[in-house]
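Enquirer: Sequence and predicted structure, then a few things I'm wondering about:
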Amino acid sequence: MTEASAASASPDPDLVRALRALSNPIRLQLLSWLRDPERNFPLEGAIADPVEVGVCVSHIQAKVGLAQSTVSAYMAELERAGLVRSTRVGKWTHYQRDEHRIAQIVAALGRTL
């Protein structure tokens, strides 16, 4: 294999980052739950619309049953991978899926494999 063909065969770093984020089963589950936030999270007392703004990290923490710091680290990894977006509402961080970016990643995966 020539150096030029090896370079063109290199996987997209954004795709690798997304796959790495999804390799953790809990992060994968969180992303799945965020697909339908109204069905998957107890939203009593929510201060923002879960569809428009996202789900508060405290609601995510309550559902998954992990420490807030662990949930925040998992969500930050998903955000770095471009799979979710965060929005601050007061002192609370809300997360929602980035459907456009997820579609791009799925397409890139299809082209790569």
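Expert: Sure, I can see it. Numbering: from 1, shown residues only.

Enquirer: can you map out the helices along the chain?
Expert: 3-8, 13-22, 25-34, 37-40, 57-64, 68-80, 99-112 (DSSP state H).

Enquirer: Tell me, please, the helix or strand in the protein that averages the lowest pLDDT.
Expert: Least confident helix or strand, the chain: helix 3-8 with a mean of 52, by mean pLDDT, DSSP states H and E.

Enquirer: circling back to that earlier point, in CSV, list the helices of the chain along with distance to residue 47 and mean neighbour count.
Expert: C-beta: built from backbone N, CA, C; applies to glycine. CSV is the format used below for those (distance: least, C-beta to C-beta, whole Å; neighbours: other C-beta atoms under 10 Å):
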stretch, distance to residue 47, mean neighbour count
helix 3-8, 48, 8
helix 13-22, 27, 16
helix 25-34, 17, 16
helix 37-40, 14, 15
helix 57-64, 10, 18
helix 68-80, 17, 17
helix 99-112, 23, 13
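
Enquirer: Out of those helices, the one nearest residue 88 is which?
Expert: helix 57-64 (10.5 Å; C-beta to C-beta).

Enquirer: Tell me the helices and strands packed up against the closest one.
Expert: Helices and strands touching helix 57-64, as assessed by 3 or more C-beta pairs under 8 Å, 6 or more residues apart in numbering; DSSP states H and E, comprise helix 25-34, helix 68-80, strand 92-97.

Enquirer: Contacts for that helix next, please.
Expert: The contact list for helix 57-64 (C-beta atoms under 8 Å, 6 or more residues apart in numbering) reads 26, 29-30, 33, 40-43, 46, 67-68, 71-72, 75, 92-95.

Enquirer: do stretch 17-24 as well
Expert: So stretch 17-24 is contacted by 27, 28, 31, 74, 77, 78, 80, 81, 82, 83, 105, 109 (C-beta under 8 Å, 6+ apart).

Enquirer: I'm done for today, thanks for sticking with me.
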